[in-house]
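[1] Need a 3D model of the following:
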Amino acid sequence: MNINWYPGHMAKTKRLLRENLKLVDVVIELIDARIPASSRNPDFDQLFNNKKRIVCLNKSDLADPVISELWKKHYRQNNIHNVFINSRNGRGFKELLSLIDRTMQEKFKKDAARGLRKRPVRAMVTGIPNVGKSTFINRLTGRAATRTGDTPGVTRDKQWIKVKNNIHLLDTPGILWPKLGDEKIGYNLAFTGAIKDDIHDLQEIAVKLLEFLACNYKRNVMDRYGFQNLDIAGHKLMDEICRKRGFILKGGEPDRLKCARIVLDEFRGAVIGRISLEKP
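    Predicted structure coming up:
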């Protein structure tokens with residue numbers, strides 16, 4: 001995949017994260033429930049090594065529930081604090097707030113022993129682009145969101161947001177990582193829209209997605225596009241969808257670009273069904 005993977009602002013964002021880590025108690029790492037491995041920035045393990053972390057699997061309503069259960073088991077086995085959430089309707093947010101409180105209990109006890117009053121939890125929200133961070137923060141803060149520039153130890157240029165549940169959030173821009181070493185990860189990020197559609201070949205991405213779906217979600221594809229049988233070759237599936245949907249250019253050539261956009265939109269909106277692209 002020939003793409004501009006790591007623009008300059010990503011390096012600046014990484015420096016911003018490193019500089020602000022000392023101000024926070026816990027890092028909330030937002031990932032895509034459909035691609036839990038591909039949407040985790042590998043640089044974060046080292047960057048946040050000494051911080052408490054909670055992994056929030058967003059867009060859980062779009063993911064295959066059977067595979068999501070496998071991921072839950074995987075995280076339990078590896079002692080990773082996690083919660084599956086839907087930022088659009090708030091599902092899982094009560095569990096998240098409870099998890100934040102449990103994660104901070106040890107620190108609260110130490111502060112109390114030193115005679116310190118319990119203060120708001122300072123949490124940094126991180127994640128790759130298009131993982132739903134803005135929707136997550138809007139859902140968590142609701143109408144009670146306010147800037148908190150007068151927080152002790154916090155400069156006024158930080159994007160701190162007050163949450164009614166005694167939490168202060170530090171929002172950060174979405175960040176990718178410098179080197180994409182696995183083509184499969186690149187495709188997964190492109191399928192879900194983490195990589196902008198205008199910097200790669202949309203038809204190629206849609207063909208690859210159709211091939212994956214034909215192998216792993218055959219019934220979903222057949223039901224959605226009215227196939228009686230399924231050819232695994234993605235370009236043949238695309239041409240057949242063009243024929244069935246009437247996506248035909250002058251001269252009888254299939255309008256593959258229009259088809260590619262439709263297929264990707266229907267996948268991303270779970271119109272084809274709840275689909276996960278990787279297992280633990």
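[2] Give me the neighbour count for the nearest residue to Tyr217 once chain neighbours are set aside.
    Spatially, and ignoring its direct neighbours in sequence, Tyr217 is nearest to Ile275 (5.7 Å; C-beta to C-beta, 6 or more residues apart in numbering). Bear in mind the C-beta positions are built from the backbone N, C-alpha and C, glycine included. Ile275 has 20 neighbours, counted by other C-beta atoms under 10 Å.
[3] For Ile275, list the residues it contacts.
    Counting by C-beta atoms under 8 Å, 6 or more residues apart in numbering, Ile275 touches Arg34, Leu62, Ala63, Asp64, Leu213, Asn216, Tyr217, Asn220, Phe267.
[4] Drop anything exposed from these.
    Arg34, Leu62, Ala63, Asp64, Leu213, Tyr217, Asn220, Phe267 (16 or more other C-beta atoms under 10 Å).
[5] For the strand or helix carrying Lys109, name the packing helices and strands.
    Assigned by DSSP states H and E, Lys109 belongs to helix 93-113. Secondary-structure packing of helix 93-113 (3 or more C-beta pairs under 8 Å, 6 or more residues apart in numbering; DSSP states H and E): strand 26-32, strand 52-58, strand 82-84, strand 121-127, helix 133-141.
[6] now these in a markdown table, with distance to Ile185, mean pLDDT and mean neighbour count?
    What follows is the helices and strands packed on helix 93-113, written out as a markdown table (distance: least, C-beta to C-beta, whole Å; pLDDT from 0 to 100; neighbours: other C-beta atoms under 10 Å):
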| stretch | distance to Ile185 | mean pLDDT | mean neighbour count |
| --- | --- | --- | --- |
| strand 26-32 | 12 | 94 | 24 |
| strand 52-58 | 17 | 95 | 22 |
| strand 82-84 | 20 | 97 | 23 |
| strand 121-127 | 15 | 88 | 22 |
| helix 133-141 | 19 | 88 | 19 |
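[7] Compare the ones you listed and give me the one nearest His74.
    When these are compared by C-beta to C-beta, strand 82-84 sits nearest His74, at 9.2 Å.
[8] Give me the contacts around the closest one.
    Against strand 82-84 from outside (C-beta under 8 Å, 6+ apart): 33, 54-57, 60, 68, 72, 75, 92, 95-96, 99.
[9] can you list the weak-confidence ranges in the chain?
    1-11, 143-159, 165, 173-181 (pLDDT under 70).
[10] who's in contact with the residue with the largest distance to the centre of it?
    What lies farthest from the middle of the chain is Gly251; by C-alpha atoms, centre = their mean that is 41.2 Å. The contact partners of Gly251, taken as C-beta under 8 Å, 6+ apart, number zero.
[11] and it, helix, strand or coil?
    Three-state call for Gly251 (DSSP: H, G, I helix; E, B strand; the rest coil): coil.
[12] do the same with the one 10 residues further on
    Recorded secondary structure, Arg261: helix (three-state DSSP).
[13] Distance check, the residue nearest to it when sequence neighbours are not counted against Asn50.
    Distances taken as C-beta to C-beta, 6+ apart put Leu202 closest to Arg261, at 6.6 Å, once the chain neighbours are dropped. Taking C-beta to C-beta, to the nearest Å as the measure, Leu202 falls 41 Å from Asn50.
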